[in-house]
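Undergrad: sequence unknown, structure follows:
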């Protein structure tokens, strides 16, 4: 299974973040700038709510910006971790409904952030495949290249959570 790891075949994105649907952004902590070099994606006050699935010191957001941190691996998730993803997706939708700008981020902004955003889109009525296709079109063809996360989405995160809890 491919995950972020340190795999050289997974390129850094071309932008720090991408708008998936109006007000809902997907991003990471690193991107390839115009110079072709890797740059840090530091969040200041561009967003009202930032959800970080990986926390690195010095990447923001600024004080006063609502910040939710739920570190999860880019690999198999247990029931508690999946419950957190479900909560983050719900919180992202609540913020969107209130007219707030939301950024969901992980390392590159491909897998973990894609899992949260795809589930948020599913909560809004998209099928898993519609959500995945939209995310890949708006963020990168590399988005959700973690096939396990795609399987979670197609099964439904609530179902995946129950199955993981039974296995624990």
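TA: Alright, I've got the coordinates. These figures come from a predicted structure and were not determined experimentally.

Undergrad: where in the protein is pLDDT low?
TA: 1-8 (pLDDT under 70).

Undergrad: if we use 80, what do you get?
TA: Applying pLDDT under 80 to the chain flags residues 1-8, 168.

Undergrad: residue boundaries of the strands in it?
TA: 17-21, 24-27, 30-32, 38-40, 49-52, 66-69, 102-105 (DSSP state E).

Undergrad: just checking: what are the partner strands of the fifth one?
TA: In the sheet containing strand 49-52, the strands it pairs with under DSSP bridges are strand 66-69 (parallel), strand 102-105 (parallel).

Undergrad: and those as CSV, adding distance to residue 88 and mean neighbour count?
TA: (Glycine included, C-beta is placed from N, CA and C.) Shown next, in CSV, are those (distance: least, Cβ to Cβ, whole Å; neighbours: other Cβ atoms under 10 Å):
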stretch, distance to residue 88, mean neighbour count
strand 66-69, 6, 15
strand 102-105, 7, 28
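
Undergrad: gap between residue 41 and residue 127?
TA: Separation of residue 41 from residue 127 (Cβ to Cβ, to the nearest Å) stands at 30 Å.

Undergrad: okay, those two: which has more neighbours?
TA: residue 41 (24 against 12; other Cβ atoms under 10 Å).

Undergrad: quick one: contacts for the more buried one?
TA: Listed by Cβ atoms under 8 Å, 6 or more residues apart in numbering, the contact set of residue 41 reads 16-17, 27-31, 59, 105, 109.

Undergrad: most neighbours, which of the residues you listed?
TA: Neighbour max across the contacts of residue 41 (other Cβ under 10 Å) = residue 109, 32 neighbours.

Undergrad: touching, it and residue 135? I think so.
TA: No: look at residue 109 against residue 135 with Cβ atoms under 8 Å: they stay out of range, at 10.0 Å.

Undergrad: give me the common contacts of those two.
TA: Common neighbours of residue 109 and residue 135 (criterion: Cβ under 8 Å, 6+ apart): 26, 143.

Undergrad: centre of the chain versus stretch 145-154, how much separation?
TA: Relative to the chain's own centre, stretch 145-154 is displaced by 13 Å; criterion: Cα atoms, centre = their mean, to the nearest Å.

Undergrad: so residue 61 makes contact with residue 43?
TA: Yes: using Cβ under 8 Å, residue 61 makes contact with residue 43 at a distance of 4.3 Å.

Undergrad: so where do the helices sit in the protein?
TA: Listed in chain order, the helices of the chain (DSSP state H) span 79-97, 112-123, 128-138, 147-155, 157-167.
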